[in-house]
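> Below are the sequence and a predicted model; questions follow.
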Amino acid sequence: MSNSKQAVPDTLPLLRDRIDSIDSQIQMLINERAACAQKVADVKLAEQGGDAVVFYRPEREAQVLRRVMERNEGPLGNEEMAKIFRQVMSSCLALERPMRIAFLGPEGTFTQQAALKHFGKSIISAPMAAIDEVFREVESGAANYGVVPVENSTEGVVNHTLDSFRDSRLKICGEVEERIHHHLLVSPNINADDVTHIYSHQQSLAQCRAWLDRYWPHVERVAVSSNAEAARLAADAGRSGRAIAAIAGEVACELYGLVKVSSNIEDRPDNTTRFLIVGNQDVPPSGKDKTSLLISAKNEPGALYRLLEAFERHGVDMTRLETRPSLMSRWGYIFYIDFVGHYLDESCRAVIEELRERASEVKVLGSYPVAVL
Ligand SMILES: O=C(O)C(=O)C[C@]1(C(=O)O)C=C[C@@H](O)C=C1
């Protein structure tokens, strides 16, 4: 193999020769890696047998991606490099066993975008109409994993997702954060100056309100069921020459063959949504993990204080606390708590043990790697 540090030629033909030679080496190495992954699948099948085999290993994937970022020397940025490896692993996993991923649809939603960011593109997409359908699809075994939104930095918590954990035996196997970028999109044959209506989900219209007021004050805004649906409608309209624009994300833009009139038009550029990966497995520690708990507190004075005090005493860093009505008793509550660490870590174990003594129910929803990308 040639030395990667050898002098870079400075003419176009020589540079292209060099790129061709590097490409063929990369290709050979990727296939060598893929062959290793195939072997890994054989070993897993031999060791774990039949239905119990767990091909997808979130903790291992997180470690691989973290290592890629740690050793990266550029000129490609850490995230860019990790994205390339993300896709390489996705292809390798698909070779071991194709993964069917259920997500809150339709095709082109930000949840699908999050699923692709987390698993890479080599998955079988299964869009579901509602969050509880995503849970059911994974519980029934029809899908291997599910992806659901859990909180948004502007809109707050997604109650449907939290509530679905009450009666589900699914585990959280991962998290993914997605900066939500909105784009103004039209059909390629449409002139943006002719646009008469702008379609989008109500929340997205709200998230772009100031931008719309400034640049499109006289164009009618129409709320539809999702951004992806807005993109589909804009593409449909374009086919019959009607000038309708949509506000939607990157995946919907590509999926419906639209073009961007303006990019990143959201009023708050830090607008971020966190998604959870749900599945049937307990994920071993990756070295940098988070844990989510569901706790039913006894309805008595100081109950919440006694729960939280255990975190402080054992030095466990709590990152989120949400409260939902329990539905079992009037004014009873369920708390959703996220903290840093894995449930097998000594301090986390001690906290969970104490919580079990103090609460009427403690359910470990899962320990999982902190999002890498
Ligand atoms: O290490 C494994 O268990 C593998 O299956 C290999 C591999 C990879 O390509 O690196 C593929 C899929 C898993 O999710 C994790 C890693």
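Yep, that arrived. Numbers count the residues shown, from 1 in each chain.
> Name the SS class of Phe103, please.
Secondary structure for Phe103, judged by DSSP: H, G, I helix; E, B strand; the rest coil, is strand.
> For it, list the residues it contacts.
Each residue near Phe103 by Cβ atoms under 8 Å, 6 or more residues apart in numbering is listed here: 109, 111-112, 114-115, 125-128, 134, 146-148. The C-beta positions use only the backbone N, C-alpha and C, and glycine is treated the same way.
> Just put these in TSV and tack on secondary structure, pLDDT and distance to the ligand.
Formatted as TSV, the contacts of Phe103 follow (DSSP: H, G, I helix; E, B strand; the rest coil; pLDDT from 0 to 100; distance: Cβ to the nearest ligand atom, whole Å):
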residue	secondary structure	pLDDT	distance to the ligand
Thr109	coil	89	24
Thr111	helix	93	21
Gln112	helix	93	20
Ala114	helix	95	17
Ala115	helix	97	15
Ser125	strand	96	18
Ala126	strand	97	19
Pro127	strand	95	23
Met128	strand	94	23
Val134	helix	96	20
Gly146	strand	98	16
Val147	strand	98	16
Val148	strand	95	20
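> neighbours of the residue of the chain found nearest the ligand, just the number please.
The chain approaches the ligand most closely through Cys92 (3.5 Å), counting by Cβ to the nearest ligand atom. By other Cβ atoms under 10 Å, 20 other residues sit near Cys92.
> What residues does it make contact with?
Contact analysis of Cys92 by Cβ under 8 Å, 6+ apart lists Arg33, Ala34, Ala37.
> Measure how far the helix or strand where it lies is from the centre of its chain, please.
Assigned by DSSP states H and E, Cys92 falls within helix 78-96. Computed by Cα atoms, centre = their mean, to the nearest Å, the chain-centroid distance of helix 78-96 equals 15 Å.
> go on, stretch 8-16?
So, by Cα atoms, centre = their mean, the centroid of stretch 8-16 is 40 Å from its chain's centroid.
> swap in stretch 296-309?
Distance, stretch centre to chain centre, for stretch 296-309: 32 Å (Cα atoms, centre = their mean).
> And the helices in the stretch 51-200 of the chain?
Here the stretch 51-200 of the chain has its helices, by DSSP state H, counting those that start in this stretch, at 58-71, 78-96, 110-119, 131-139, 159-164.
> Most tightly packed of the ones you listed?
Across the helices of the stretch 51-200 of the chain, averaging neighbours per residue (mean count of other Cβ atoms under 10 Å) puts helix 110-119 on top, at a mean of 26.
> who does it touch, helix- and strand-wise?
For helix 110-119, the packing partners by 3 or more Cβ pairs under 8 Å, 6 or more residues apart in numbering; DSSP states H and E come out as helix 78-96, strand 100-104, strand 124-128, strand 145-152, strand 171-179, helix 250-255, strand 272-279.
> rerun that using 6 Å as the cut-off
Contact here means 3 or more Cβ pairs under 6 Å, 6 or more residues apart in numbering; DSSP states H and E; on that basis helix 110-119 packs against strand 100-104, strand 145-152, strand 171-179.
> Tell me the strands beside the second one, with direction?
Okay, so that is strand 145-152. When pairing is defined by DSSP bridges, strand 145-152 lines up against strand 100-104 (parallel), strand 156-157 (antiparallel), strand 272-279 (antiparallel).
> show me the contacts for the spatially closest residue to Arg86 that is not a sequence neighbour.
Excluding the flanking residues, the one nearest Arg86 by Cβ to Cβ, 6 or more residues apart in numbering is Gly120, at 5.1 Å. Gly120 makes contact with Arg86, Gln87, Ser90 under the criterion Cβ atoms under 6 Å, 6 or more residues apart in numbering.
> Show the contacting residues for the residue nearest to Asn191 when sequence neighbours are not counted.
Spatial nearest neighbour of Asn191, chain neighbours left out: Ala243 (7.0 Å); criterion: Cβ to Cβ, 6+ apart. Counting by Cβ under 6 Å, 6+ apart, Ala243 makes contact with Ile190, Asp194, Val195, Thr196.
> got it, and Val351?
In this structure, Val351 makes contact with Ala310, Phe311, His314, Val316, judged by Cβ under 6 Å, 6+ apart.
> Reformat those residues as JSON lines; add secondary structure.
Converted to JSON lines, these look like this (three-state DSSP):
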{"residue": "Ala310", "secondary structure": "helix"}
{"residue": "Phe311", "secondary structure": "helix"}
{"residue": "His314", "secondary structure": "coil"}
{"residue": "Val316", "secondary structure": "coil"}
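> need the residues of the stretch 51-200 of the chain near the ligand, please.
Applying Cβ under 6 Å from any ligand atom, one finds that the stretch 51-200 of the chain approaches the ligand through Tyr56, Arg57, Arg60, Glu61, Val64, Met89, Cys92, Leu93, Glu96.
> Can you find the helix or strand of the chain with the lowest average pLDDT?
When the helices and strands of the chain are scored by mean pLDDT, DSSP states H and E, strand 156-157 comes last with a mean of 83.
> For this protein, which residues score under the pLDDT cut-off?
Applying pLDDT under 70 to the chain flags the ranges 1-5, 329-331.
> Mind naming the longest helix for it?
helix 12-48 (DSSP state H).
> Can it be said to contact the ligand?
Yes. Counting by Cβ under 6 Å from any ligand atom, the ligand is contacted by helix 12-48 at Ala37, Val40.
> List the buried residues for that helix?
Using 16 or more other Cβ atoms under 10 Å as the test for burial, helix 12-48 gives Ala34, Ala37, Val40, Ala41, Lys44.
> Repeat that for stretch 312-332.
His314, Val316, Met318, Glu322, Arg324, Ser326.
> any idea how far the fifth one lies from Asp282?
The one in question is Arg324. Distance check for Arg324 against Asp282: by Cβ to Cβ, to the nearest Å, it reads 24 Å.
> Then the second one?
From Val316 across to Asp282, the span is 19 Å (Cβ to Cβ).
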